[in-house]
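Colleague: quick one, fold the following:
(one chain, ligands or ions: 2)
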Amino acid sequence: MGKIIAVTNQKGGVGKSTTVVNVAAYLGSRGFKVLCVDSDPQGNATTGFGISKKDVLFSTYNVLTGQVRIQDAAVETEFDNVSIIPATELLAGAEVELINAENRINRLKMQLLTIKNDYDYIFIDCPPALGMLTINALTAADTMIVPMLAEFYALEGLSQLVNTIKIVKSNHNPALDIEGILFTMYDSRLNVSADVVAEVEKYFPGKVFETKIPRNVRLSEAPSHGKPVMYYDKSSKGAESYELLCHELLGEPLELPQKKRRGIFTFKKKDSES
Ligand SMILES: Nc1ncnc2c1ncn2[C@@H]1O[C@H](COP(=O)(O)OP(=O)(O)O)[C@@H](O)[C@H]1O
Ligand SMILES: [Mg+2]
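Modeller: Ligands and ions are numbered 1, 2, ... in the order given. Predicted structure coming up:
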């Protein structure tokens, strides 16, 4: 039975879509069957996998409004073992259309239940808001990954996050668990980084991923090539850190396979370039 993981944070620009695309791609390359559900009208996970929005036939919008069965909306990406329910701007309409609809909270959950057995992992990329789309995702999810920046403002969002989890658990999904809080665009040289991590660990003891994702230019370039970073620059810090995160998710030792020794004439790239 597949595990459903919602990647969520009401803030935008914290690395949700980047996390979905890169974790899904790595797990797929390891042979796990993975489905991504793009539940953000911005469709960043969709384009991150190289799918052009004009080619989208059915999207998460059609699934939530009951126009298609979820298995008919899933499309294979060109990357090993990863399929996606894509999203386009149309999905924004679902926020409004669902407000007075029947079973509005359970729409995604009901659809996912019909295909949960076909996948090992299902990742839901949430929009930066706490509306119907996010509530549907959290209601359907077994666990959540919360990407976060190690900056002071992140702490201000924490109580809102705690509140949302409380509401969803008590009203819709008592079993919802936190898979982990993930620090992204992390700079270990800054004092504030360690301070924020320590503060978040107080709120969520044992729930902060040991793996931190550094700021890495390859991670921000890869989507413009329509590729997960491991298919764009496998030896980049970004690819390595998402691989480590997957090891942590899978309960494996936090180490990377030994890199092949490069010839002595190969110049090592600077950290900032790779
Ligand atoms: N670790 C990182 N290093 C550098 N850039 C990153 C990193 N993670 C994400 N980005 C970039 O930051 C922006 C926001 O990331 P994104 O994953 O789209 O956030 P969200 O989905 O939370 O809005 C994107 O342009 C993305 O390419
Ligand atoms: Mg996003």
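Colleague: count of residues packed around residue 189?
Modeller: Neighbour count for residue 189, taken as other Cβ atoms under 10 Å: 6. Glycine gets a C-beta too; all of them are placed from N, C-alpha and C.
Colleague: and for residue 152, the neighbour number?
Modeller: A count of neighbours around residue 152, defined by other Cβ under 10 Å, yields 11.
Colleague: low-confidence ranges in this protein?
Modeller: Applying pLDDT under 70 to the chain picks out residues 259-274.
Colleague: tell me the SS of residue 6?
Modeller: Here residue 6 is recorded as strand under DSSP: H, G, I helix; E, B strand; the rest coil.
Colleague: quick one, what contacts the nearest residue to it once chain neighbours are set aside?
Modeller: Distances taken as Cβ to Cβ, 6 or more residues apart in numbering place residue 141 nearest to residue 6, at 3.9 Å, with adjacent residues excluded. Going by Cβ atoms under 8 Å, 6 or more residues apart in numbering, residue 141 touches 4-6, 124, 173, 176.
Colleague: what does this structure put close to ligand 1?
Modeller: Proximity of the chain to ligand 1, by Cβ under 6 Å from any ligand atom, involves residues 12-18, 44, 128, 184-185, 213, 215-216, 219-220, 223, 238.
Colleague: number of residues surrounding the residue in the stretch 51-200 of the chain that ligand 1 sits nearest to?
Modeller: Proximity of the stretch 51-200 of the chain to ligand 1 (Cβ to the nearest ligand atom) peaks at residue 185, 4.5 Å away. Around residue 185 sit 21 other residues, with neighbours defined as other Cβ under 10 Å.
Colleague: where along the stretch 51-200 of the chain do the helices fall?
Modeller: Using DSSP state H, counting those that start in this stretch, the helices of the stretch 51-200 of the chain run over residues 60-64, 70-73, 92-97, 107-113, 132-140, 152-171, 191-203.
Colleague: phi and psi next, for the residue nearest to residue 6.
Modeller: When read as degrees, to the nearest 10, the backbone of residue 141 gives phi -80, psi 150.
Colleague: coming back round to it: could you find the closest non-adjacent residue to the residue of the stretch 51-200 of the chain closest to ligand 1?
Modeller: In space, residue 185 is closest to residue 215, 4.3 Å off (Cβ to Cβ, 6+ apart).
Colleague: if I read this right, the one you found contacts residue 183, doesn't it?
Modeller: No - checked against Cβ atoms under 8 Å, the pair residue 215 and residue 183 is beyond contact range at 10.8 Å.
Colleague: common neighbours of these two, please.
Modeller: Contacts common to residue 215 and residue 183, judged by Cβ under 8 Å, 6+ apart, are absent.
Colleague: just how off-centre is the helix or strand encompassing residue 28 within its chain?
Modeller: Here residue 28 sits within helix 16-29, counting by DSSP states H and E. Centre-to-centre, helix 16-29 and its host chain are 7 Å apart (Cα atoms, centre = their mean, to the nearest Å).
Colleague: I appreciate the help and will end here.
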